[in-house]
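A.B. asks: next come a sequence and a model predicted from it.
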Amino acid sequence: MEIKGRLKLIADKVPNCRVLCDVGTDHAYIPVCLVKNRRCGRAVACDIGVGPLNAAKQNIKLFGLEAFIEARLGYGLDAVFPGEADAIVIAGMGGTLINNILEKGFETAKRASWLILQPMNAAELVRKWLYGRGFEIYDEELAAEGSKLYGVICSRWTGKERELDEIYYYIGEKLISKRDPLLEKYIERKRSQLENALKELQAAGDKGVEIRQKFDERIRELDKILNIIS
């Protein structure tokens with residue numbers, strides 16, 4: 001099975017592992033790819049929806065991996081027990097939902113060696129939750145798929161909580177330190193989103209003053225980062 005774009009980035013970030021748990025597995029592309037290529041000994045493909053889980057089962061059967069990949073119905077990390085999976089993938093959903101899944105399955109997340117997360121939006125909320133709950137972000141990378149950009153956050157629990165400047169929640173510090181090849185484009189898109197939001201806030205008058213000031217400051221911070229990496 002050949003995977004590309006955001007799915008390939010996720011698969012590339014999963015290290016050789018004993019058991020992979022893929023939350024929101026959909027068609028089980030990630031577990032099939034990693035088990036088929038002997039990157040994971042076995043996998044648990046989880047989804048809250050019966051339809052996606054049936055699609056996952058069909059793909060698992062198609063590649064003859066029923067003995068190595070188990071499809072389980074359940075919300076988030078409820079389908080696995082703490083310590084069962086050493087690598088956990090949570091991808092293809094919003095940042096708020098990812099945080100909810102991690103909070104609800106906190107003990108399971110803590111005991112995993114690697115968390116591979118791909119928020120489709122609000123990545124800043126995920127970064128802030130991780131740092132505030134004792135996880136470190138040891139790597140982060142961007143991938144392009146068509147005209148869209150996707151990011152993967154790699155994390156693990158250390159028990160050491162950190163509080164960062166807001167800009168490092170908004171733009172991951174690992175993306176900046178490693179000067180990700182897509183970082184400039186990523187920042188420019190973030191900047192454009194902020195500028196559009198500022199235009200909409202102008203109609204709010206005095207009620208939007210504080211938010212406008214915050215957005216203005218964030219744009220200036222983004223410009224500083226652009227100057228550093230360009």
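C.D. replies: Structure received.
A.B. asks: what's the longest helix in this structure?
C.D. replies: helix 209-229 (DSSP state H).
A.B. asks: pull the residues that contact it.
C.D. replies: Residues outside helix 209-229 that contact it (C-beta atoms under 8 Å, 6 or more residues apart in numbering): 166-167, 170-171, 176, 179, 183-184, 187-188, 190-191, 194-195, 197-198, 201-202, 204. Glycine gets a C-beta too; all of them are placed from N, C-alpha and C.
A.B. asks: among those, the buried ones, what's the PyMOL command?
C.D. replies: To isolate the buried ones among the contacts of helix 209-229 in PyMOL, judged by 16 or more other C-beta atoms under 10 Å, type:
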select buried, resi 167+170+171+176+183+187+190+191+194
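A.B. asks: in helices, which of the contacts of helix 209-229 fall?
C.D. replies: 166-167, 170, 176, 183-184, 187-188, 190-191, 194-195, 197-198, 201.
A.B. asks: between these, which is closest to R39?
C.D. replies: L183 (27.0 Å; C-beta to C-beta).
A.B. asks: what's the separation between the closest one and I10?
C.D. replies: Separation of L183 from I10 (C-beta to C-beta, to the nearest Å): 19 Å.
A.B. asks: how many residues are close by Y75?
C.D. replies: Residues lying near Y75 (other C-beta atoms under 10 Å) number 15.
A.B. asks: tell me the pLDDT at it?
C.D. replies: pLDDT recorded at Y75 is 95.
A.B. asks: for it, which non-adjacent residue is spatially closest?
C.D. replies: Excluding the flanking residues, the one nearest Y75 by C-beta to C-beta, 6 or more residues apart in numbering is I48, at 5.1 Å.
A.B. asks: isn't that neighbour up against R72?
C.D. replies: No - between I48 and R72 there is no contact under C-beta atoms under 8 Å: 10.4 Å.
A.B. asks: check the contact lists of these two and give me the overlap.
C.D. replies: Counting by C-beta under 8 Å, 6+ apart, I48 and R72 have no common neighbour.
A.B. asks: counting neighbours, what do you get for the nearest residue to K185 once chain neighbours are set aside?
C.D. replies: Excluding the flanking residues, the one nearest K185 by C-beta to C-beta, 6+ apart is L149, at 6.6 Å. By other C-beta under 10 Å, the residues close to L149 number 16.
A.B. asks: so L149 belongs to a strand, correct?
C.D. replies: Yes - L149 forms part of a strand when assessed by DSSP: H, G, I helix; E, B strand; the rest coil.
A.B. asks: per-residue pLDDT of it, please?
C.D. replies: At L149, the pLDDT value in this model is 95.
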